[in-house]
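1. Provided below for reference: sequence and predicted model.
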2 protein chains.
Amino acid sequence: MSRIYWYQGRFLADNEVRISPEDRGYYFGDGVYEVFRVYGGRLFEAEAHLARLRRSAAGVRLPLPHADEEWLRNLNELVRLNSLQEGTVYLQITRGTAPRNHLFPPQAEPVVMAYCTDVKRPLSAMEAGYAAITLPDTRWLHCDYKTLNLLANVLAKQAAADRGAADAILHRDGTVTESSASNVMIVKDGRLVTHPANHLILHGVTRAVVLRLAAQTEIPAEERPFALEELFAADEVLLTGTTIEVMPVISVDGKPIGSGRPGPITRRLQREFEDLISS
Amino acid sequence: MSRIYWYQGRFLADNEVRISPEDRGYYFGDGVYEVFRVYGGRLFEAEAHLARLRRSAAGVRLPLPHADEEWLRNLNELVRLNSLQEGTVYLQITRGTAPRNHLFPPQAEPVVMAYCTDVKRPLSAMEAGYAAITLPDTRWLHCDYKTLNLLANVLAKQAAADRGAADAILHRDGTVTESSASNVMIVKDGRLVTHPANHLILHGVTRAVVLRLAAQTEIPAEERPFALEELFAADEVLLTGTTIEVMPVISVDGKPIGSGRPGPITRRLQREFEDLISS
């Protein structure tokens, strides 16, 4: 099935997109990216994704070649050309193409690539909940930048699958940070707790949406580091992410969380999220 | 100037090499690499590089598509086809091409790419020595795997250049690990000290050669963590790496090391290294 890419300012069939072997994305993972959710043919929380893109790019000193309104116009056109109703838009920007040298290439122009994927909402998984494992967080110290250096995330996700789990919850010296590709929240005695948005976690767009929904529905929420012990002793555990939305975690390392079924706060947040995206 | 790549089992002109946008090297930096030195048309320490390649690949669970003798045969052929006398061979292997998903793609074949570059020995820099700066080491916790996740190294090297220095010496909470792209050694009272070859540093091929030369010339050497304070108080500081060989560091953060000129142990090791590559 052919799809249309947005690549270097042009809309091209996928078989026309060929990356240079000297693209710094390929040598160094020297680039940043975003995954936007599309519901009903429209980009969801696009401004928040673009704000994070600007933040990631500034963090790795990559000058973005477009302003927000140009990103929006072209990504919307991409969605239209691909007739995407429900899915994701992947957008990636690398520092450009140049002979391999760690130093920033003085002449190179950023390489921009975007494409759409049909992705259904994971309704049955959201109903049943995830099994997760725990793993040490081996990533670098700028997890707040959404970059192409994702090998630690890849290895964590695969380790989870190898043990029959859907995701790996990461901890740094016993403090829970996030999962291989989403943020982690726990519920204890009716309170939502999640790691502060510092350099150790991605500042998830869905994380921010869920904290906003919690505030609107008067669920008390706290952003503070919490330990593995609190994770295991939680009444509920949930993950938040662009494609998984609000995902219950019903067991960790084979031990049930709370009742072993998705809890009431998680369900409430799922309903609120559902209302938001339907509106 | 056209050069010949070894790409997916074939020898191709550079303009014939085009990478798929779905190569996991491009999405995730999901791959490993080596840079081999070529002196007099021959690969230097090829077996050590291939042993490290196997170690890196095992570390990230990437099954290598060739055995050592096949790597050697093809890389030697690449050197011959490019008429390379003095330079480097860059070899990179990614996990393959597949729709973007963190999980290992069940069907994908690794993508292999190699090419040669003319690189002269940095004789005048080796004579004069480097100015270096210090920076926190923000990299992930498997620096012993030589992977394509190099953004922290890129940013460190660029930060050094921005401050007029040739390299950045990295430290983790005050313990010196290595530099942005080479290993770091200090000399104090005639003893060579360098960080142990654990998960926090790359196990440099040149590092191992230099430790071997030190043993042969009865320079006492110790592999132990050392602090920034010891770096600044050292009689000599040197870097070791495939392209920089044995590189004196004459100042760090603008402060002279020892006399502010390359010291006698560094000079001795440079001579021994020179003898080795001439032989």
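-> The structure has been received and is ready for your questions. Numbers count the residues shown, from 1 in each chain, chains lettered A, B, ... in the order given.

2. mind listing the strands for the stretch 151-279 of chain A?
-> A:167-172, A:175-179, A:183-188, A:191-194, A:221-223, A:226-227, A:236-241, A:245-252, A:255-256 (DSSP state E, counting those that start in this stretch).

3. The longest one to strand A:183-188, inter-axis angle?
-> Strand A:245-252 runs at 60 degrees relative to strand A:183-188, counting by axes from the mean of the first three to the mean of the last three Cα atoms, to 10 degrees.

4. Briefly note if stretch A:121-129 comes near chain B.
-> No - judged by Cβ under 8 Å from any Cβ of the partner chain, stretch A:121-129 stays clear of chain B, getting no closer than 13.6 Å. In this view, the C-beta of every residue, glycine as well, is placed from N, C-alpha and C.

5. Same question for that stretch: list its buried residues.
-> For stretch A:121-129, burial by neighbour count (16 or more other Cβ atoms under 10 Å in any protein chain shown) applies to A:121, A:126, A:129.

6. for that stretch, the distance to its chain's centre please.
-> The chain centroid and the centroid of stretch A:121-129 are separated by 17 Å, computed with Cα atoms, centre = their mean, to the nearest Å.

7. What residue spans form the domains of chain A?
-> Chain A breaks down into these domains under automatic domain parsing: A:4-118, A:123-278.

8. Turn those domains into JSON lines, including mean pLDDT and distance to B:Glu272.
-> Listed next are these as JSON lines, based on pLDDT from 0 to 100; distance: least, Cβ to Cβ, whole Å:
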{"stretch": "domain A:4-118", "mean pLDDT": "97", "distance to B:Glu272": "28"}
{"stretch": "domain A:123-278", "mean pLDDT": "98", "distance to B:Glu272": "36"}
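
9. could you dump these to CSV with distance to B:Tyr90?
-> Putting these into CSV (distance: least, Cβ to Cβ, whole Å) gives the following:
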stretch, distance to B:Tyr90
domain A:4-118, 7
domain A:123-278, 19
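
10. Relative to B:Ser180, tell me which of those wins on proximity.
-> domain A:4-118 (6.4 Å; Cβ to Cβ).

11. Is chain B within reach of the closest one?
-> Yes - residues of domain A:4-118 are located near chain B by Cβ under 8 Å from any Cβ, namely A:5, A:7, A:14, A:17-21, A:23-30, A:60-61, A:90, A:92, A:99-100, A:102-104, A:113, A:115, A:117.

12. what's the offset of that domain from the middle of its chain?
-> With Cα atoms, centre = their mean, you get 15 Å for domain A:4-118.

13. just to revisit the earlier point, Produce a PyMOL select command limited to the buried residues of the residues of domain A:4-118 next to chain B.
-> Provided next is the PyMOL selection string for whichever of these are buried by 16+ other Cβ under 10 Å:
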select buried, chain A and resi 5+7+17+19+20+21+23+24+25+26+27+28+29+30+60+90+92+100+102+104+113+115+117
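
14. re the thing from before, pick out whichever of the buried residues of stretch A:121-129 sits closest to chain B.
-> A:Arg121 (17.0 Å; Cβ to the nearest Cβ).

15. Surely the closest one and A:Glu86 touch.
-> Yes - using Cβ atoms under 8 Å, A:Arg121 is in contact with A:Glu86, at 6.9 Å.

16. any residues in contact with both of those two?
-> Here A:Arg121 and A:Glu86 share no contacting residue, scored by Cβ atoms under 8 Å, 6 or more residues apart in numbering or on different chains.

17. how close does A:Val119 sit to chain B?
-> Between A:Val119 and chain B the computed distance is 11 Å (Cβ to the nearest Cβ, to the nearest Å).

18. which non-adjacent residue is nearest that residue?
-> The shortest distance from A:Val119 to any non-neighbouring residue, by Cβ to Cβ, 6 or more residues apart in numbering or on different chains, is to A:Gly87 (4.5 Å).

19. Counting neighbours, what do you get for the one you found?
-> Counted with other Cβ atoms under 10 Å in any protein chain shown, the neighbours of A:Gly87 add up to 20.

20. Make sure it is actually in contact with A:Arg121.
-> No - contact criterion Cβ under 8 Å: A:Gly87 and A:Arg121 do not qualify, at 10.0 Å.

21. which stretches of chain A form helices?
-> For chain A, helices defined by DSSP state H occupy the ranges A:24-28, A:46-59, A:68-81, A:123-128, A:151-162, A:205-216, A:228-232, A:264-278.

22. Let me have those in CSV, adding distance to B:Leu213 as columns.
-> Shown next, in CSV, are the helices of chain A (distance: least, Cβ to Cβ, whole Å):
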stretch, distance to B:Leu213
helix A:24-28, 31
helix A:46-59, 41
helix A:68-81, 54
helix A:123-128, 58
helix A:151-162, 33
helix A:205-216, 53
helix A:228-232, 46
helix A:264-278, 61
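
23. So which of the ones you listed is the most surrounded?
-> helix A:24-28 (a mean of 28; mean count of other Cβ atoms under 10 Å in any protein chain shown).

24. ok, residues contacting that helix?
-> By Cβ under 8 Å, 6+ apart, the surrounding residues in contact with helix A:24-28 are A:19-20, A:30-31, A:92, A:94-98, A:100, A:102, A:105, A:108, A:111, A:148, B:19, B:23, B:25-26, B:29, B:92, B:148, B:150-151, B:153-154.

25. same question, stretch A:46-66
-> A:30-32, A:34, A:36, A:43, A:68, A:71-72, A:74-75, A:91, A:93, A:95, A:104, A:109-110, A:112, A:142, A:144-147, A:203, A:205, A:208-209, B:151, B:155, B:158.

26. again, only using 7 Å
-> Outside stretch A:46-66, the residues that touch it by Cβ atoms under 7 Å, 6 or more residues apart in numbering or on different chains are A:32, A:34, A:36, A:68, A:71-72, A:93, A:95, A:110, A:112, A:142, A:145-147, A:203, A:205, A:208, B:151, B:155.

27. what's the answer for stretch A:146-163, then?
-> By Cβ under 7 Å, 6+ apart, the list of residues contacting stretch A:146-163 reads A:25, A:29, A:31-34, A:52, A:56, A:60, A:92, A:132-133, A:135, A:138-140, A:166-168, A:170, A:180-181, A:202, B:27-30, B:60, B:102-104, B:140, B:147, B:149, B:151.

28. okay, now the closest residue in space to A:Ala152 that isn't next to it in sequence: neighbour count?
-> Once flanking residues are discounted, A:Ala152 sits nearest to A:Arg139: 4.4 Å by Cβ to Cβ, 6+ apart. The burial count assigned to A:Arg139 is 25, neighbours taken as other Cβ under 10 Å.

29. quick one: contacts for A:Ala165?
-> Applying Cβ under 7 Å, 6+ apart, the residues near A:Ala165 are A:131-133.

30. a markdown table please, covering those residues and showing distance to chain B and neighbour count.
-> Formatted as a markdown table, the contacts of A:Ala165 follow (distance: Cβ to the nearest Cβ, whole Å; neighbours: other Cβ atoms under 10 Å in any protein chain shown):
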| residue | distance to chain B | neighbour count |
| --- | --- | --- |
| A:Ala131 | 15 | 19 |
| A:Ala132 | 14 | 27 |
| A:Ile133 | 14 | 22 |
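
31. That's all I had, so thanks and see you.
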